[in-house]
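> I'd like to go over a predicted model; first the sequence, then the structure.
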Amino acid sequence: MQKILLCVAQTAMATAFLLTSGRVEAQTPRPDMDYDTAMQIIDACVSFAEENDIAISIAVFDASAALKAFVRMNGAHNASVSISQWKGHTAASFKNASTADIAEWAMNNPGLAFAPGVSTLEGGVPVVLKSNGAQIGGVGVSGATSSQDAACARSGVEAAGLEAP
């Protein structure tokens with residue numbers, strides 16, 4: 001019985017040591033889009049759209065290019081749902097590149113324009129932290145003119161205190 005208690009005590013002490021010692025993790029943490037930030041971007045994009053009398057769809061993606069938040073405003077056309085998501089996914093997938101940048105790249109590499117899930121339509125922008133330039137996601141907007149979509153996406157990102165290079 002004493003041996004069992006001694007073994008339990010040693011295990012508890014070893015566990016306590018491991019929990020309090022400065023372990024190095026194998027995975028380096030990286031910043032990512034959180035829900036509150038995604039909703040700030042969405043809210044600012046909706047405000048932009050209302051001020052400019054346009055009806056749009058807005059898709060916000062995290063650093064892994066996974067959809068974080070989505071809104072389709074009343075009156076936004078059906079195609080804007082998919083197109084906004086293509087734009088946002090593209091912006092989140094390519095490092096610090098907007099869909100307008102991808103369109104320029106596609107001029108020299110035409111196959112890029114036909115890659116699945118890649119959009120060369122203006123209106124997708126990366127979301128970047130001002131503090132260290134880390135990309136934490138992308139935003140896609142569709143439903144208005146290309147220049148309005150891009151301006152709306154940038155407006156949403158900037159309203160959340162972030163950058164859209």
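Now that the structure is in, tell me what you want to look at.
> Pick out the residue nearest the middle of this protein.
Gly137 (2.2 Å; CA atoms, centre = their mean).
> show me where this structure has helices.
2-20, 35-51, 79-93, 99-108, 146-159 (DSSP state H).
> Adding mean pLDDT and distance to Ser64, write the ones you listed out as JSON lines.
From N, CA and C alone the C-beta is placed, and that goes for glycine too. Putting those into JSON lines (pLDDT from 0 to 100; distance: least, CB to CB, whole Å) gives the following:
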{"stretch": "helix 2-20", "mean pLDDT": "51", "distance to Ser64": "29"}
{"stretch": "helix 35-51", "mean pLDDT": "98", "distance to Ser64": "13"}
{"stretch": "helix 79-93", "mean pLDDT": "96", "distance to Ser64": "8"}
{"stretch": "helix 99-108", "mean pLDDT": "87", "distance to Ser64": "18"}
{"stretch": "helix 146-159", "mean pLDDT": "97", "distance to Ser64": "18"}
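> Pick the most buried one from the ones you listed.
Among those, ranked by average contacts under mean count of other CB atoms under 10 Å, first place goes to helix 79-93 (a mean of 24).
> got the angle for that one vs helix 35-51?
Relative orientation of helix 79-93 versus helix 35-51 (axes from the mean of the first three to the mean of the last three CA atoms, to 10 degrees): 130 degrees.
> Now do helix 79-93: everything it contacts.
56-65, 67, 70, 72, 97-99, 102, 117-119, 121, 123-127, 135, 137-143, 149, 153 (CB atoms under 8 Å, 6 or more residues apart in numbering).
> Can I get it in CSV? Just the C-alpha atoms.
C-alpha atoms of helix 79-93 as CSV (Å, rounded to 0.1, in the frame of the first residue of the first chain):
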residue,chain,number,x,y,z
ALA,A,79,-25.0,35.2,-58.0
SER,A,80,-23.4,37.6,-55.5
VAL,A,81,-23.6,34.8,-52.9
SER,A,82,-21.1,32.6,-54.7
ILE,A,83,-19.1,35.4,-56.2
SER,A,84,-18.4,37.1,-52.9
GLN,A,85,-17.3,33.8,-51.4
TRP,A,86,-14.9,33.1,-54.4
LYS,A,87,-13.4,36.6,-53.9
GLY,A,88,-13.0,36.3,-50.2
HIS,A,89,-11.5,32.8,-50.4
THR,A,90,-9.1,33.9,-53.1
ALA,A,91,-8.0,36.9,-51.0
ALA,A,92,-7.5,34.7,-47.9
SER,A,93,-5.6,32.1,-49.9
